[in-house]
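Visitor: give me coordinates for this.
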Amino acid sequence: MRHLLTPALAAACLLSFAAPASAQDAALRDFCADRPGKGTPTCILDQGHVQFEVGLFDGARQRDEGFKYESWGYGDTFVRYGLTPLTEIQFGITPYVSEEVTDRATGLREKVDGTSDISIGFRHSLANPDGSGLSAAVAGFVGLPTGSDAVRADGIEGGIVVPVSVPLNDDWGLSLSPEVDIVRDGSGEGSHAAYTMVAGIGRSFGPWALGAEIWVSHDDDPDGASTQSTFDLTAVWSPPFLADAQLDFGVNFGLNDESPDVEFGVGVARRF
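Guide: So this is what the prediction gives:
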């Protein structure tokens, strides 16, 4: 219960803290969060402002002929700060994650848990930092092996993303997020490349925004290459009484045997 209480309390604080609107607030860019999809947005946070994005809980489940795999994350926290009109810096950590493997034949379970690694990144606009019209950006991140021994990576990891957003008409938009990462080998003795592409479409309906994405990721691990793919659905509710916040939902369905059968999550975001 203690793991659920902290993100729930954080969500209540983020959504309930509403300051009176000011002339400065009215001049801010439209609210834009990285949650809940896997794609990277092109928008840049306004200079001098900070945004908190918190996953209340995120889970994933997968089964094969011999085992069942489950993973959970609580309080996944992503903090963004507008450094300049065109650049933002980012910080991410999940206070509690757990991974469990169950032998379906014997019922034996093996579980590890702890705090995730720290991620530090940036995003710089190449065109239209508010994310409107045809917009593009470049983003990068580094993952530092600071987490608990049972769940942390075996070394430094990182990646580069070049997100692009294209308006299809007055209602629909297309987003693309090609990404190249350097990740640790499964053996922990070296590093290799991984390649990801996310393509999504979305549309707003009043205070709601609905989206769909296709995510494909290929990992060139020398111990065994793999490709995962999912079909993802997202829903975002922006409170009419609070222009700088959102409540979001996401569910992802595996498209091949190497992907989780289902992933799901609920989160909030708030700009200050």
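
Visitor: pLDDT at the nearest residue to residue 66 once chain neighbours are set aside, what is it?
Guide: Leaving aside its sequence neighbours, residue 66 sits nearest to residue 104 (Cβ to Cβ, 6 or more residues apart in numbering; 6.1 Å). For the C-beta atoms, the positions are set from N, CA and C on the backbone; glycine is no exception. The confidence metric pLDDT takes the value 90 at residue 104.

Visitor: and if you look at residue 154?
Guide: 89.

Visitor: so it makes contact with residue 186?
Guide: No. With contact defined as Cβ atoms under 8 Å, residue 154 and residue 186 do not form a contacting pair (9.3 Å).

Visitor: so who does residue 255 touch?
Guide: The contact partners of residue 255, taken as Cβ atoms under 8 Å, 6 or more residues apart in numbering, are 229, 230, 231.

Visitor: drop anything exposed from the residues you listed.
Guide: 229, 230 (16 or more other Cβ atoms under 10 Å).

Visitor: switch the contacts of residue 255 over to TSV; also include secondary structure and distance to residue 175.
Guide: Shown next, in TSV, are those (DSSP: H, G, I helix; E, B strand; the rest coil; distance: Cβ to Cβ, whole Å):
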residue	secondary structure	distance to residue 175
229	strand	17
230	strand	16
231	strand	15
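
Visitor: next one: phi and psi at residue 255?
Guide: Main-chain torsions, residue 255, degrees, to the nearest 10: phi -100, psi -10.

Visitor: what sits closest to it if chain neighbours are left out?
Guide: Residue 255 sits nearest to residue 229 (Cβ to Cβ, 6+ apart), 4.2 Å away.

Visitor: list the beta-bridge partners for that neighbour.
Guide: residue 216 (DSSP bridges).

Visitor: from memory it sits against residue 260, does it?
Guide: No. The pair residue 229 / residue 260 is not scored as a contact, 10.7 Å apart, by Cβ under 8 Å.

Visitor: what is in contact with the two at once?
Guide: Applying Cβ under 8 Å, 6+ apart, one finds that residue 229 and residue 260 are jointly contacted by residue 254.

Visitor: ok, the residue of the chain positioned farthest from its centre to residue 147 distance?
Guide: Centroid-distance maximum for the chain: residue 106 at 35.0 Å, with Cα atoms, centre = their mean. According to Cβ to Cβ, to the nearest Å, residue 106 and residue 147 sit 30 Å apart.

Visitor: which other helices and strands contact the host helix or strand of residue 252?
Guide: In the assignment (DSSP states H and E), residue 252 maps to strand 245-254. In terms of contacts (3 or more Cβ pairs under 8 Å, 6 or more residues apart in numbering; DSSP states H and E), strand 245-254 is packed against helix 2-16, strand 226-237, strand 262-271.

Visitor: go with 10 Å
Guide: Applying 3 or more Cβ pairs under 10 Å, 6 or more residues apart in numbering; DSSP states H and E, one finds that strand 245-254 contacts helix 2-16, strand 50-63, strand 208-219, strand 226-237, strand 262-271.

Visitor: in that strand, what counts as buried?
Guide: Buried residues in strand 245-254 (16+ other Cβ under 10 Å): 245, 246, 247, 248, 250, 252, 254.

Visitor: how about stretch 170-188?
Guide: Quick answer for stretch 170-188 (16+ other Cβ under 10 Å): 173, 175, 176, 177, 179, 181, 182, 183, 184.

Visitor: give me the neighbour count for the closest residue to the last one other than its chain neighbours.
Guide: Excluding the flanking residues, the one nearest residue 184 by Cβ to Cβ, 6+ apart is residue 154, at 4.7 Å. As a burial measure, the neighbour count of residue 154 was computed by other Cβ atoms under 10 Å and equals 15.

Visitor: what's near enough to touch residue 154?
Guide: 145, 183, 184, 185, 186, 187, 188, 189, 190, 191 (Cβ atoms under 10 Å, 6 or more residues apart in numbering).

Visitor: the second one: what secondary structure?
Guide: The three-state assignment at residue 183 reads strand, by DSSP: H, G, I helix; E, B strand; the rest coil.

Visitor: the one 3 residues further on now?
Guide: For residue 186, the reduced secondary structure class is coil; criterion used: three-state DSSP.
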